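Chemist: structure, please.
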Amino acid sequence: MKNFETIRKMQAELDKYILINHELAEVDTYERRVIALLVELGELANETRCFKYWSTKLPSEREIILEEYVDGIHFLVSLGNTLRVELNEDMFKRHIKDIDINKQFIALFSGIASLSTNIKVDHYNEVFNNYINLGYSLGFDLDEIYQGYIEKNKVNYERQESNY
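Modeler: Residues are numbered from 1 along each chain as shown. Next comes the predicted model:
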């Protein structure tokens, strides 16, 4: 999981850059990052259209879904950095047992929301693994997730430079 250690470091640098430029403290943004992750998860669900039983419109293109997915990785890793979580091999294992993708989203919404009150490394690790497994369910592999993160990280710096 060397690639994800790189992501952890890149996210720490981006967070530091943002905090300095906006004169914020990391602890003051924790709950806002939990909310941001929930919003990103909602945007991802919207692009997959998995819950839209009333519609026949197809999901967004794979690239758009990947971009939304890695937006969540940014905030998830950011929260992990705050909690001083070490990424380990178990966090990237597939634990999918034919679980409906809608149930995966619901479990993640619940798990992420509780990160604001259940600030324990074990709980974070479970949420992280569930998020990685959602990526697997969406058809992404770790290399795609890594490359998607790298590309979006560049965009996030560009946005900071342009007062996004």
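
Chemist: so I112 sits right up against L41, yeah?
Modeler: Yes. If you go by C-beta atoms under 8 Å, I112 and L41 touch, sitting 6.5 Å apart. For every residue, glycine as well, the C-beta is placed using N, CA and C.

Chemist: and I7, how many neighbours?
Modeler: Close neighbours of I7, defined as other C-beta atoms under 10 Å, add up to 20.

Chemist: pLDDT of whatever helix or strand M10 lives in, averaged?
Modeler: Taking DSSP states H and E as the criterion, M10 maps to helix 2-21. In this model, helix 2-21 has an average pLDDT of 88.

Chemist: again with stretch 147-164
Modeler: pLDDT averaged over stretch 147-164 gives 83.

Chemist: so which elements touch the helix holding M10?
Modeler: Under the contact criterion of 3 or more C-beta pairs under 8 Å, 6 or more residues apart in numbering; DSSP states H and E, helix 2-21 touches helix 62-82, helix 142-161.

Chemist: and the last one, how far out from the chain middle?
Modeler: Helix 142-161 sits 12 Å away from the centroid of its parent chain (C-alpha atoms, centre = their mean, to the nearest Å).

Chemist: list the contacts of that helix.
Modeler: Residues from elsewhere that reach helix 142-161, judged by C-beta atoms under 8 Å, 6 or more residues apart in numbering: 3-4, 6-7, 10-11, 14, 17-18, 21, 66-67, 69-71, 73-74, 92, 132, 135, 140.

Chemist: one more time with 10 Å
Modeler: 1-4, 6-7, 10-11, 13-14, 17-18, 21-22, 62-63, 65-71, 73-74, 77, 92, 131-132, 135-136, 138, 140, 164 (C-beta atoms under 10 Å, 6 or more residues apart in numbering).

Chemist: give me the angle between that helix and helix 62-82.
Modeler: Interaxial angle of helix 142-161 relative to helix 62-82 (axes from the mean of the first three to the mean of the last three C-alpha atoms, to 10 degrees): 80 degrees.

Chemist: residues of helix 142-161 that come out buried?
Modeler: Buried positions in helix 142-161, judged by neighbour count with 16 or more other C-beta atoms under 10 Å: 144-146, 148-149, 152-153, 156.

Chemist: just stretch 25-43 next, same as before
Modeler: 29-30, 33-34, 36-38, 40-41, 43.

Chemist: in helices, which of those residues fall?
Modeler: 30, 33-34, 36-38, 40-41, 43 (DSSP state H).

Chemist: got CSV for these, with distance to D100 too?
Modeler: Putting these into CSV (distance: C-beta to C-beta, whole Å) gives the following:
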residue, distance to D100
Y30, 31
R33, 28
V34, 25
A36, 26
L37, 21
L38, 20
E40, 21
L41, 16
E43, 20
